[in-house]
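Q: Need the 3D shape of this:
(3 chains)
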Amino acid sequence: MRYWLFKSEPDVFGWDHLVAKGDQGEEWDGVRNYQARNFMREMKLGDRGLFYHSNIGKEAVGIVEVIAEAHPDSKAADPKWECVDVKAIKPLPRPVSLDQAKSEPRLKDMVLVNNSRLSVQPVTEAEWKVVMELAGL
DNA sequence: GCCAACGTTGGC
DNA sequence: GCCAACGTTGGC
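A: Coordinates of the predicted model:
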């Protein structure tokens, strides 16, 4: 299983929105960046990801699971843009902020810390474990 | 609100 | 195919 990080602005589509979708989950649509799309193409059913709030909060707030592998983004005019479906698994007991990630030496190579603009990112297993530890899981 | 970083576009 | 101009993202 691999780990990922999904970034979203909470006032556009936040953790609570995804939780409200329940087991049905939601398409991670709207990605118009090749790097991010290519990561979604690599995702497999059951992969886990962090749900990160950009701009407001700047913290990982929950865990999601991939429930549908890459397919054309239903909201894109061009089918070259693909996305996966995700559902909320559980909130982090203690959200992990960008500041925390930056000040944690074990997370210094995390994409989130080094390339703030990429909206879908891979997370290594080692990084995942550190984040879980900081989150109180 | 500003601006640095990055990606994309389009003229040449 | 290069690169300047432009637009967007997201941290500060």
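
Q: contacts and neighbour counts: CA atoms only from here.
A: Will do.

Q: Contacts only, for A:Lys87.
A: By C-alpha atoms under 8 Å, 6 or more residues apart in numbering, A:Lys87 lies in contact with A:Leu18, A:Val19, A:Lys21, A:Gly22, A:Asp23, A:Gln24, A:Gly25, A:Glu26, A:Val64, A:Glu65, A:Val66, A:Ile67.

Q: can you put the residues you listed in CSV and add pLDDT?
A: Output for those, formatted as CSV (pLDDT from 0 to 100):
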residue, pLDDT
A:Leu18, 97
A:Val19, 97
A:Lys21, 96
A:Gly22, 97
A:Asp23, 97
A:Gln24, 97
A:Gly25, 96
A:Glu26, 96
A:Val64, 97
A:Glu65, 98
A:Val66, 98
A:Ile67, 98
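
Q: Count the residues that sit near A:Glu26.
A: The number of residues packed near A:Glu26 is 20, by other C-alpha atoms under 10 Å.

Q: Pull up the gap between it and DNA strand B, please.
A: 23 Å (C-alpha to the nearest atom of the strand, to the nearest Å).

Q: Which parts of chain A are helices?
A: A:10-13, A:15-21, A:34-42, A:98-103, A:111-114, A:125-135 (DSSP state H).

Q: Would you mind saying which of these lies nearest DNA strand B?
A: helix A:34-42 (5.2 Å; C-alpha to the nearest atom of the strand).

Q: Could you check the closest one against DNA strand C for contacts?
A: No: Helix A:34-42 stays clear of DNA strand C (C-alpha under 7 Å from any atom of the strand), getting no nearer than 10.1 Å.

Q: got the residues of chain A near DNA strand C?
A: With C-alpha under 7 Å from any atom of the strand as the criterion, chain A meets DNA strand C at residues A:7-9, A:54-56, A:58, A:98-99, A:116-119.
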